[in-house]
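[1] what follows is a predicted structure for the sequence shown.
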Amino acid sequence: MGDRFESVQQVRDGLKAVNYLADEGIAGVAFLADRLGKPILVEGPAGTGKTQLAKSIAEATGSRLIRLQCYEGLDESKALYEWNYKKQLLRIQADRGSESWGEISDDIFSNEFLLTRPLLEAITADDPVVLLIDEVDRVEVETEALLLEILSEYQVSIPELGTITAKQIPMVFLTSNNTRELSEALKRRCLFLHVDYPDMEREKEIVLTKVPGVTENLADQIARIVRSIRQLDLKKAPSVSETIDWARTLVLLGIENIEAQQAKETLHILLKYQTDIAKAAKELSVDK
Amino acid sequence: MLDLLAGFVTELRNAGLPVSLTENLDAMEALQHIPIEDREAFKYALAATMVKNNAHWRAFETVFEVYFSIRGPEYKITDGDESELDEMWREMQEQMRQGEGKGAAGGSMDSMTPEEIAQMLMNALMKGDQAMMRALAKQSVQRFAGMEPGRPVGGTYYLYRTLRNLDLDGMLDKLMEASRQEVGGELTPLEERLEKDEYTDRIEQFKKEIEAEIRRRLVADRGAEAMAKTLRKPLPEDVEFMHASRDEMQNLKKALGPLTRKLAARLARKRRHGRKGPLDFRSTVRHSLSYGGVPAEPKFKYPRPAKPELMVIADISGSVAAFARFTLMLVYALQGQFSKVRSFVFIDGIDEVTEFFKSTEDVQEAVHRVNTEADVVWVDGHSDYGHAFEVFWERYGKTIGPKTTVLLLGDARNNYHASQAWVVKEIQDRARHVYWLNPEPKSYWNTGDSIVGEYATHTDGVFEVRNLRQLEAFVEKLA
């Protein structure tokens, strides 16, 4: 199907070139998705780079990113397409009396009066695109059905126009924060990728690439402290983006070597709940 | 290959993973696009196409290890050819000789003494040397586990034997000591903690290597299908509370978080998206003003189901403690869905623990305090439902109102004390609902000293709640 990538390694290198460090699993699934022409359902804790993955793939392949942010109450007029009623009205009024009804009705249901929304836009695009359907778990189960046709067949059926088939198969990413179980029908159509917190080595690499001015030693310390904190029983473990924020703060403060005291004072950047902060501060300073 | 995959899929289904036909076909297609000799890629290709829920990952991994563990060059079971290992070993000795000036006899790994193995392991752990750790895992299994073909014992037995000989706990202390020396003096508490986490992590890894090695050998001995059967573990949501191992408990706890989040979202949605109620006349008239007095947009009243007030009375004696803990954790995680939650725990005495949950946001800590501080022992610390209920009725009976839903948690094994079932009847008269949740399988009810039947006549229902799935279903019904 697709031939954006030659091999898994190429995916990794491509992503690395745009500052996204993928592990074996991420790169492997992205490669397969391209080859099989299937969407990827990306799941995992918040702030582990799910959305960023789609953005980086777009950047690495030089494609345009089309994004559909999901929310409760999303419907087809905002996700798929909508008729441009105002323009249709104007058209009817402009031709009053000159044409027969049949001609007008044919005319007002044509491409000219169609407003494309993200999904349709991704299908009809001529240039290579990456479609990102963000936080798909926020829509209701019924709305999920909207996505099914486009995900499996890469086509959209519009009653007045017929079926529009994709000119080229876009890469599709769906992200989910797992606030509810997605329907079987949706899952079946996708490849599944669980993105977890990175292991220590990769986190260190991420800090090194994303934070300018950080020393190797500091990055190593940061990664190790964050790993220790994640092992605690917290309400919300620090995400990768929070790690990066923390690293930036430490660099700004000119800290080269993290002492327990400094770590405690800047913990609020990593953790967002008071109980979590108290717990981590206690754990980090207690001598066992 | 096809046969193997078919067996693999069958086993996945047996383990409880829903693998559909299309997913199976996808997996086949995916395999054509990846280099088949790359084990990691192979694994991810299968996982991405067949496992669509992260909670099922562990089950998948186990089955995968069993079916594909003895394939691939680096995983070959080697008894004779250990040239690579020997080389490492010699290198190590070389270093030691240079370092300490003491000449240990160079030789192959088989001739090493247990002390030497321990020394080597320590070095490997210090450096985090993966290849070395794998090699050592192989070696120690071969040496210590004493595996015999055809012997009908489980993998845990071999694991235990191997670990006993390695003394990994002592190893951690030694490692800490070594890193202290390396710095020359004391570590700061922060450094100490980090070092310790690092080493614990590596030791965990090493244990996993050993487990994998044992599994490989067992599979080679008994065949994949038989092995898969013995290793088959229930999915986290199907693990029974009463018989969960420590490991499974950890997984249960991890599974509880996402589950409550999902449940809360679902309940909130249920509340909001109730069906439309009768016409709201006032609102319709008010909105008609914007249409010049024409009621063009009818407005409806939405029914707002009342949030129930909840009283949880839980037996926290030995066997059912875990179950009570999970239920309390779940209930408090969903506090927002109830107008008020009060909780009581008992063994033979009863105590209110609502405060523990109120004073802290951290449910784990509250549960810990419940276990340590609540005053629940009256005479001997054996469950006495009768006395506990009696005291409850005396002290708190008046606070039960028509909005209250009472949950009784326990196996109703009363040690042949008086049942005092009249209390439950009184409670039922005052409360909106009384439910009994029993963590025992239905077939055990009313056997031995279980008198759940006696109480059941005065409740609105007794539910068998043996695992997270059943607990979730019950709570959804409740709220």
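    Arrived safely. Residues are numbered from 1 along each chain as shown, chains lettered A, B, ... in the order given.
[2] pretty sure residue A:74 sits in a strand.
    No: per DSSP: H, G, I helix; E, B strand; the rest coil, residue A:74 lies outside any strand segment and is coil.
[3] what about it, distance to chain B?
    The gap separating residue A:74 from chain B is 14 Å, by C-beta to the nearest C-beta, to the nearest Å. For every residue, glycine as well, the C-beta is placed using N, CA and C.
[4] around chain B, which positions in the stretch 151-288 of chain A sit nearby?
    A:178-181, A:184, A:187-188, A:190-194, A:221, A:224-225, A:227-228, A:231, A:233, A:235, A:258-260, A:263, A:273-275, A:279, A:283-288 (C-beta under 8 Å from any C-beta of the partner chain).
[5] up against chain B, what does the stretch 1-150 of chain A have?
    Checking the stretch 1-150 of chain A against chain B by C-beta under 8 Å from any C-beta, the hits are A:8, A:24-25, A:28-29, A:31-32, A:35-36, A:38, A:40-41, A:43-44, A:140.
[6] just the pLDDT at residue B:128, thanks.
    Residue B:128 is assigned 70 on the pLDDT scale.
[7] contact partners for it?
    By C-beta atoms under 8 Å, 6 or more residues apart in numbering or on different chains, the contact list for residue B:128 reads residue B:202.
[8] could you point out the longest helix of the chain?
    Going with chain A. helix A:216-231 (DSSP state H).
[9] actually, chain B is the one I wanted.
    Max-length helix for chain B by DSSP H is helix B:189-222.
[10] how far is it from where the chain is centred?
    Put simply, helix B:189-222 sits 19 Å off its chain's centre (C-alpha atoms, centre = their mean, to the nearest Å).
[11] mind checking which helix or strand of the chain has the lowest mean pLDDT?
    Just so you know, I chose chain A. Here the helix or strand of chain A ranked lowest by mean pLDDT, DSSP states H and E is helix A:101-108, holding a mean of 75.
[12] sorry, I should have been clearer: chain B.
    Ranking every helix and strand in chain B by mean pLDDT, DSSP H and E puts helix B:83-100 at the bottom, with a mean of 54.
[13] show me what whichever helix or strand comes after the longest helix of chain A packs onto, helices and strands only.
    Along the chain past helix A:216-231, the next helix or strand (assigned with DSSP states H and E) turns out to be helix A:240-252. With contacts taken as 3 or more C-beta pairs under 8 Å, 6 or more residues apart in numbering or on different chains; DSSP states H and E, helix A:240-252 sits against helix A:200-210, helix A:216-231, helix A:267-270.
[14] switch the cut-off to 6 Å
    With contacts taken as 3 or more C-beta pairs under 6 Å, 6 or more residues apart in numbering or on different chains; DSSP states H and E, helix A:240-252 sits against helix A:267-270.
[15] tell me which residues in the helix it packs on are buried?
    For helix A:267-270, a neighbour-count test (16 or more other C-beta atoms under 10 Å in any protein chain shown) marks A:267, A:269, A:270 as buried.
[16] before we move on, what about stretch B:409-423?
    So, applying 16+ other C-beta under 10 Å, buried residues of stretch B:409-423: B:409, B:410, B:411, B:412, B:413, B:414, B:417, B:419, B:420, B:421, B:423.
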